[in-house]
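Participant: Kindly generate the corresponding structure for this input.
(one chain, ligands or ions: 1)
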Amino acid sequence: MKLLEGKKVIITGASRGIGTGIARTFAEHGADVAFTYSSSEAPALKLEKELNEKGVKAKAYKSNAASFQESEALVAQVLEDFGGIDVLINNAGITKDNLLIRMGEADFDAVIDINLKSVFNMTKAVQRTLLKQRKGSIINMSSVVGVKGNAGQANYAASKAGINGFTKSIALELGSRNIRCNAIAPGFIETEMTEKLDEKVVQGWRDGIPLKRGGTPEDIANACVFLASDMSSYITGQVLNVNGGMLT
Ligand code: NAP
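Facilitator: Residues are numbered from 1 along each chain as shown. Model prediction:
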């Protein structure tokens, strides 16, 4: 069953990892997909071609989610190219891990700007369109770390905890206009972001997860399909844990 036929989605950071998984799954469910990348042009153009071959409209845009101006310009361009936006997925994110004693100001600022301010930039940029049509779903990519904290990730955890607060506030502000806003908090998902970690540490994590495996981008993409579709039409302001039971 195709759950997103006719919907137009914009996804930030879909040139790799979870974003690519979301773009593919949304295309399989019949959605038209506009997506961004920061520097990975070749994989982004390859994905654009792959999605178009699935019979939906898809287009890659180079846009820095941390920039307010670029986010405004992106949304204007997507509206011109696609003729509307029904779903926004704020997925772009980075890590710059270090213990506080070694964490520089630049690494704190970069993570907050790309992970958290980007969510403000993009939500603000699509708001007018969603308000006018009195319908929309916004999905923000949080993390288990935003609830639990993690040594060496104070910047990242703060950005994700910020996303949870932002999500709940926007749900309260826009609910009366039938615009829903939810977050997904992935646990340990095996992508390039987690490839940087030591294999022994990773195996320890897998062993500690009740479902005994790391998650896949598709595990997250399926949760996004649910929150984007009318199947979740009475769900807003929630942070959905998708973590194999890591945090219960
Ligand atoms: P990833 O493999 O490192 O991919 C990150 C994506 O974000 C790439 O497409 C990248 O584009 C894009 N990006 C980075 N900076 C950007 C910017 N300034 N503007 C626009 N796009 C930008 O990461 P991932 O594992 O798929 O993670 C995706 C999201 O899930 C992130 O928000 C992350 O925090 C969250 N998450 C991941 C995990 C996990 O275990 N993997 C767990 C919890 C939450 P380029 O390719 O062009 O650099």
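Participant: residues in contact with G215?
Facilitator: P186, G187, F188, I189, E190, V242, N243, G244 (CB atoms under 8 Å, 6 or more residues apart in numbering). The C-beta positions use only the backbone N, C-alpha and C, and glycine is treated the same way.
Participant: Touching, Y156 and D107? I think so.
Facilitator: No - Y156 is beyond contact range of D107, at 9.9 Å (criterion: CB atoms under 8 Å).
Participant: more neighbours, the two?
Facilitator: Comparing Y156 with D107 by other CB atoms under 10 Å, the one with more neighbours is Y156, at 25 against 17.
Participant: Please identify the helix or strand for the more buried one.
Facilitator: helix 154-174 (DSSP states H and E).
Participant: just the strands in the protein please.
Facilitator: Taking DSSP state E, the strands of the chain run over residues 8-11, 32-37, 58-62, 87-90, 136-141, 179-186, 239-242.
Participant: thinking again about what came up before, any residues in contact with both of Y156 and D107?
Facilitator: With CB under 8 Å, 6+ apart, Y156 and D107 have common neighbours K96.
Participant: how far away is A58 from T216?
Facilitator: 21 Å (CB to CB, to the nearest Å).
Participant: More neighbours: the two, which one.
Facilitator: The neighbour comparison of A58 against T216 (other CB under 10 Å) goes to A58, with 25 against 14.
Participant: wait, doesn't the more buried one sit right on F35?
Facilitator: Yes - counting by CB under 8 Å, F35 is a contact partner of A58 at 7.4 Å.
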